[in-house]
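Asker: build me a model:
(one chain, ligands or ions: 1)
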Amino acid sequence: MKKFVIIGNPLSHSLSPLMQNYWFKQNNIAGEYGKLELEEQELKNITNKVKTGELTGINITIPFKQKIIPFVEHLTEAAQKTNSVNTLYFEKGKVCGDNTDIYGFQSGFLNKITKKIDNKKKILVLGAGGVTPSIIYALSQKKIVNIVLANRTIAKAEAIQKQFSNVQVIPWNSLKEHLRDTAMIVNTTSLGMKTDDPTPFNDAPINKGTIFYDVIYNPDKTTLAKSIQNSGGEVFNGLEMLIYQGERAFEIWTGVKPKITNELISLMKAEIQ
Ligand code: NAP
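Answerer: Down below sits the predicted model:
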């Protein structure tokens, strides 16, 4: 039996065990995928379990996607470019770290809407956390480069700007001024996961048809997503990104590309309030 875990803190929201265990069963692979909430000082020890074979693979989520890097022996190009690792596996005697969030965002969303985006207008990215470089890298790969980045802690946005020179950083409290000129807004913050979270520009006027992508998938629609939809925006959540990043991780670990069935999507949606 091959063993896998997702590590993070907190982890109660994770749908990855449901998804990965569904695919093990569907593909008749003897695998078991669990979740492990841990502290930063335990990262070295858990990474070592991939080296010893106790674990075949690990997924990494909030807040460890950067913090895991010092313990990884080989980084894929995607992981290097984004300084972010969400999948560990063992290959050629080394613990390897990859970033499948980029593929998840591209396959679960971006590939479907790239043609709709007016490249002369701005793409407003909210947040500068672990997942943000993956989103900016994926956009840049599609030649969507007119990116404006805002984060509550501006120093973290400026650090990302050092990685991606096409990004313009603006203060968090100036967001509203940029909305008129914006074709798409991507929320990469965790704002909206809790129902009483504040919204960054609730009820500020947006262009009709503005595309809003939320990396959050639970709740299904955040307060911000609802308010943008009510103003004529087109909203998408992060569920498909989650599914596609998981699909890629499963393929890395097993060599099998699993099927994303309607049954799986229904099972996952049933877990979302
Ligand atoms: P992270 O590294 O902890 O970053 C959190 C971000 O949210 C930071 O930019 C932080 O701003 C911002 N933030 C938190 N509370 C805020 C508040 N009250 N006001 C304004 N900004 C606030 O997290 P992450 O790993 O990037 O993940 C972010 C979200 O993406 C999570 O909800 C995660 O579940 C989701 N996610 C989804 C997928 C998917 O497949 N759909 C994949 C990865 C992540 P500061 O820097 O100022 O603290």
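
Asker: can you give me the distance of residue 93 to residue 171?
Answerer: Distance from residue 93 to residue 171, counting by CB to CB, to the nearest Å: 47 Å. From N, CA and C alone the C-beta is placed, and that goes for glycine too.

Asker: same question, residue 78
Answerer: From residue 78 over to residue 171 (counting by CB to CB), the distance is 30 Å.

Asker: leaving out chain neighbours, which residue sits closest to residue 22?
Answerer: Spatial nearest neighbour of residue 22, excluding adjacent residues (CB to CB, 6 or more residues apart in numbering): residue 264 at 5.3 Å.

Asker: how many residues are close by that neighbour?
Answerer: Residues lying near residue 264 (other CB atoms under 10 Å) number 18.

Asker: measure it to residue 11 for me?
Answerer: Residue 264 sits 20 Å away from residue 11, going by CB to CB.

Asker: next: residue 136.
Answerer: Using CB to CB, we find residue 136 at a distance of 26 Å from residue 11.

Asker: burial of the residue in the stretch 151-273 of the chain that the ligand sits nearest to, as a residue count?
Answerer: Closest residue of the stretch 151-273 of the chain to the ligand, CB to the nearest ligand atom: residue 238 (2.7 Å). A count of neighbours around residue 238, defined by other CB under 10 Å, yields 22.

Asker: what does the longest helix along the chain rub up against?
Answerer: When the chain is scanned for its longest helix (criterion: DSSP state H), the result is helix 239-254. With contacts defined as CB atoms under 8 Å, 6 or more residues apart in numbering, helix 239-254 is touched by 2, 4, 15-16, 19-20, 23, 27, 29, 31, 56-57, 59, 86-87, 89, 98, 100-101, 103-109, 215, 217, 220, 256-258, 260, 264-265, 268-269, 272.

Asker: and the chain, which of its residues are near the ligand?
Answerer: Residues of the chain lying near the ligand by CB under 6 Å from any ligand atom: 62-63, 65, 101, 104, 127-132, 151-153, 156, 188-191, 193, 215-217, 238, 241-242, 245.

Asker: cheers, nothing more for now.
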